[in-house]
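[1] no sequence on this one, just coordinates:
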């Protein structure tokens with residue numbers, strides 16, 4: 001499109017696009033992208049990401065191969081609701097960090113982001129964790145993640161005092177418990193593509 005021929009992209013979106021185009025270009029882009037720009041853009045969803053998710057939502061709503069119910073469930077899953085939430089609740093019972101177990105205080109958060117997932121993955125209970133809103137924010141933006149063995153990972157760019165106020169211990173190792181085989185597969189994606197330490201390491 002001529003109107004957006006030279007439009008500037010936020011760093012996270014630009015890096016995602018180069019990953020899709022090819023390995024050589026992706027490595028060049030990460031090598032020349034300042035790490036601080038990646039971190040700054042992680043505080044809130046980039047407008048381009050929001051627009052892309054809206055585009056995906058419209059595609060789902062117009063997909064004649066899906067039933068009305070399937071379309072509704074996929075759209076609800078974007079916000080951690082509907083069938084996705086119910087399936088996550090079959091796997092998870094409480095927030096891994098705060099131990100809050102009241103459903104009304106928990107969000108169903110995707111490990112592999114909704115925008116990157118297939119329709120099947122968007123509704124998979126093993127692609128989710130039940131987290132309190134502040135922990136959901138940290139996980140969604142890549143400030144925390146989890147190892148397969150249950151060890152909490154804290155990004156080196158996360159503000160430690162803020163994490164403590166949110167209920168995240170930063171002065172000791174934290175074990176949040178075991179994950180299912182399916183959860184480990186989705187958490188691997190989160191560590192590689194969402195967790196800020198991984199993204200910063202690729203940018204260096």
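    Ah, there it is. What you see is a predicted model; the values in this text were computed from it and never measured. Residues are numbered from 1 along each chain as shown.
[2] In the protein, where is pLDDT below threshold?
    For the chain, the stretches with pLDDT under 70 are 1-46, 198-204.
[3] any chance you could map the strands in it?
    Taking DSSP state E as the criterion, the chain contains strands spanning 107-110, 128-131, 144-146, 152-154.
[4] In JSON lines: these, plus distance to residue 81 and mean neighbour count.
    (Glycine included, C-beta is placed from N, CA and C.) Shown next, in JSON lines, are those (distance: least, Cβ to Cβ, whole Å; neighbours: other Cβ atoms under 10 Å):
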{"stretch": "strand 107-110", "distance to residue 81": "7", "mean neighbour count": "24"}
{"stretch": "strand 128-131", "distance to residue 81": "11", "mean neighbour count": "26"}
{"stretch": "strand 144-146", "distance to residue 81": "23", "mean neighbour count": "25"}
{"stretch": "strand 152-154", "distance to residue 81": "26", "mean neighbour count": "18"}
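[5] okay if I get these as a markdown table plus distance to residue 179?
    Converted to a markdown table, those look like this (distance: least, Cβ to Cβ, whole Å):
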| stretch | distance to residue 179 |
| --- | --- |
| strand 107-110 | 14 |
| strand 128-131 | 9 |
| strand 144-146 | 7 |
| strand 152-154 | 12 |
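[6] tally of neighbours for the closest residue to residue 122 other than its chain neighbours?
    Leaving out its chain neighbours, the residue that sits closest to residue 122 by Cβ to Cβ, 6 or more residues apart in numbering is residue 77, at 4.7 Å. Counted with other Cβ atoms under 10 Å, the neighbours of residue 77 add up to 27.
[7] From what I see, residue 77 and residue 114 are in contact.
    Yes: counting by Cβ atoms under 8 Å, residue 114 is a contact partner of residue 77 at 6.3 Å.
[8] shared neighbours of the two, which are they?
    residue 122 (Cβ atoms under 8 Å, 6 or more residues apart in numbering).
[9] residues near residue 166, how many?
    By the measure other Cβ under 10 Å, the count of residues near residue 166 is 19.
[10] Excluding chain neighbours, give the residue nearest to it in space.
    Among residues not flanking residue 166 along the chain, residue 134 sits closest, at 4.2 Å (Cβ to Cβ, 6+ apart).
[11] In stretch 164-182, which residues are buried?
    Judged by neighbour count (16 or more other Cβ atoms under 10 Å), stretch 164-182 contains these buried residues: 166, 168, 174, 176, 179.
[12] and the closest residue to residue 113 other than its chain neighbours, what does it touch?
    Spatial nearest neighbour of residue 113, chain neighbours left out: residue 194 (6.8 Å); criterion: Cβ to Cβ, 6+ apart. Residue 194 makes contact with 113, 140, 142, 145, according to Cβ under 8 Å, 6+ apart.
[13] how far away is residue 149 from residue 94?
    19 Å (Cβ to Cβ, to the nearest Å).
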